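J.: just to be clear, the model below is a prediction. Sequence and coordinates:
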Amino acid sequence: QVQLVESGGGLVQAGGSLSLSCAASGSISSINTMGWYRQAPGKQREFVAAIARDYSTDYADSVKGRFTISRDSARNTVSLQMNSLKPEDTAVYYCAARRSSITTRIMLWWNYWGQGTQVTVSS
């Protein structure tokens, strides 16, 4: 089993920056791909970004150019640097991990999930 714990959420003004981090523990050798999803109030959870073990990345169009995903395989962490934040980025952000080495945007194909961390962007 794998446990994912997010940190770094908070309140920021529009145009500001925030960095999220996710630490993995447990059967971490089974993890190949890590990513981030978010869920705004009243909306479905949506894909934000993913990074494979070979460091290839994928981003949702809504965050491309503003968010950067990175991972430290030695420390079993994945981070999400969020710049130029907008009020519509307000959501609970979830860390996710999957055993496959291929990134995917399909939520059901991710194997492990964190509890989420709140990000609020004020206008």
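T.: Yep, it's here. Residues are numbered from 1 along each chain as shown.

J.: so what's the spatially most central residue of the chain up against?
T.: Compute the mean C-alpha point of the chain, and by C-alpha atoms, centre = their mean the closest residue is Trp36, 2.0 Å away. Taking C-beta atoms under 8 Å, 6 or more residues apart in numbering, we find Trp36 in contact with Leu20, Cys22, Val48, Ala49, Ala50, Ile69, Val78, Leu80, Tyr93, Tyr94, Cys95, Ala96. The C-beta positions use only the backbone N, C-alpha and C, and glycine is treated the same way.

J.: right, and the first one touches Glu6 too?
T.: Yes: with contact defined as C-beta atoms under 8 Å, Leu20 and Glu6 form a contacting pair (6.2 Å).

J.: now list whatever residues contact both of those two.
T.: Counting by C-beta under 8 Å, 6+ apart, the residues touching both Leu20 and Glu6 are Tyr93, Cys95, Thr117.

J.: out of these, who's nearest Ser56?
T.: Ranked by distance to Ser56 (C-beta to C-beta), the shared contacts of Leu20 and Glu6 are led by Cys95 at 18.2 Å.

J.: the residue nearest to that closest one when sequence neighbours are not counted bridge partners, please.
T.: Among residues not flanking Cys95 along the chain, Cys22 sits closest, at 3.4 Å (C-beta to C-beta, 6 or more residues apart in numbering). As for beta bridges, Cys22 partners with Glu6, Val78 under DSSP bridges.

J.: for Gln39, see how far away Cys22 is.
T.: Distance of Cys22 to Gln39, given as C-beta to C-beta, to the nearest Å: 16 Å.

J.: kindly report the same for Asp54.
T.: According to C-beta to C-beta, Asp54 stands 28 Å off from Gln39.

J.: compare those two and say which is more crowded by neighbours.
T.: Applying other C-beta atoms under 10 Å to Asp54 and Gln39 shows that Gln39 carries more neighbours, namely 14 against 10.
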